[in-house]
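[1] below are the sequence and a predicted model for it; my questions follow.
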Amino acid sequence: TVQVFEVNASAPGYLNASETFSLSPNQTTLITLTLQPEHLNIYVLGAKQNGLYIDPLNPSGYTSLVAVEGENITVYMATYLESTQIPNATIKVQLVTPLNTTNYTVTPSNGIYKTSFNLPVLNVSYEALLTIIAHYGSANGTIIIPVIAQLNYTELENQMENKIISLNQNVSNLDNEVAQ
């Protein structure tokens with residue numbers, strides 16, 4: 001009679017592999033199982049910039065984000081191991097700008113993670129890197145999203161107007177002193 005067998009292989013840091021086969025008495029067969037390394041996929045589901053939801057540019061997330069310096073950005077993400085969503089991975093988010101590197105907290109909610117940050121105001125256009133690193137068991141995943149921060153002309157105009165007002169006040173004060 002034919003018997004059915006199942007062979008399983010597993011190792012830390014690798015996905016399990018198995019194969020089911022049938023053998024007749026006195027029959028032999030060669031089974032080769034290849035274990036694939038575990039990789040935790042991070043998907044950026046979308047982002048909010050100043051309260052407006054922005055869809056990702058492609059299924060695996062953003063190729064880049066474009067924002068105005070000083071803007072608040074919230075990024076929503078999910079993690080998957082193969083096709084299984086992982087709601088309890090450990091996620092770290094870091095934003096590297098020309099001035100500094102800042103780490104941000106990640107808040108999980110129903111399998112979706114979110115983090116928020118403000119782009120620093122440098123009074124110049126600049127590029128930053130948003131790095132998202134996820135860990136779950138022995139599986140790891142990383143994505144890096146370039147962030148293009150455009151000059152905030154409104155903020156720059158406000159700063160210039162305030163300086164002009166201050167200068168006008170100083171000139172007025174000097175005029176009064178000279179007149180006295």
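    Here it is on my side, so go on. Numbers count the residues shown, from 1 in each chain.
[2] show residues contacting stretch 81-97.
    Stretch 81-97 is touched from outside by 15, 38-42, 75, 77-80, 101-106, 108, 110-111, 113, 115, 117, 119-120, 122, 126, 128-136, 139, 147, 149, with contacts defined as C-beta atoms under 8 Å, 6 or more residues apart in numbering. All C-beta spots, glycine's among them, are computed from the backbone N, C-alpha and C.
[3] now the strands for the chain?
    Using DSSP state E, the strands of the chain run over 3-9, 17-23, 40-49, 52-54, 65-68, 72-81, 84-85, 90-96, 101-104, 107-109, 112-118, 126-136, 139-150.
[4] which positions in the longest one come out as buried?
    Residues of strand 139-150 classed as buried by neighbour count (16 or more other C-beta atoms under 10 Å): 139-141, 143, 145, 147, 149.
[5] just put the residues you listed in TSV and tack on distance to residue 155 and pLDDT.
    Listed next are these as TSV, based on distance: C-beta to C-beta, whole Å; pLDDT from 0 to 100:
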residue	distance to residue 155	pLDDT
139	42	86
140	38	88
141	36	91
143	30	91
145	24	90
147	17	91
149	12	92
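[6] quick check: the two most widely separated of those?
    Using C-beta to C-beta, the buried residues of strand 139-150 reach their maximum pairwise distance at 139 and 149, which is 32.1 Å.
[7] which one of the buried residues of strand 139-150 is nearest residue 22?
    residue 139 (33.2 Å).
[8] can you name the residues bridging to the closest one?
    With DSSP bridges as the criterion, residue 139 is bridged to residue 136.
[9] distance of it relative to residue 21?
    As defined by C-beta to C-beta, to the nearest Å, residue 139 lies at a distance of 29 Å from residue 21.
[10] what of residue 129?
    Distance from residue 129 to residue 21, by C-beta to C-beta: 49 Å.
[11] just residue 109 next, same as before
    Applying C-beta to C-beta to residue 109 and residue 21 gives a distance of 44 Å.
[12] quick one, what contacts the residue nearest the centre of the chain?
    The residue lying closest to the centre of the chain (C-alpha atoms, centre = their mean) is residue 132, at 4.1 Å. Shown in contact with residue 132 (C-beta under 8 Å, 6+ apart): 42, 44, 75, 77, 91-93, 142-145.
[13] re the thing from before, in TSV, list the strands of the chain along with distance to residue 170.
    As requested, these are arranged in TSV below (distance: least, C-beta to C-beta, whole Å):
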stretch	distance to residue 170
strand 3-9	79
strand 17-23	77
strand 40-49	38
strand 52-54	41
strand 65-68	31
strand 72-81	35
strand 84-85	61
strand 90-96	38
strand 101-104	36
strand 107-109	47
strand 112-118	32
strand 126-136	32
strand 139-150	32
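[14] many thanks, we can stop here.
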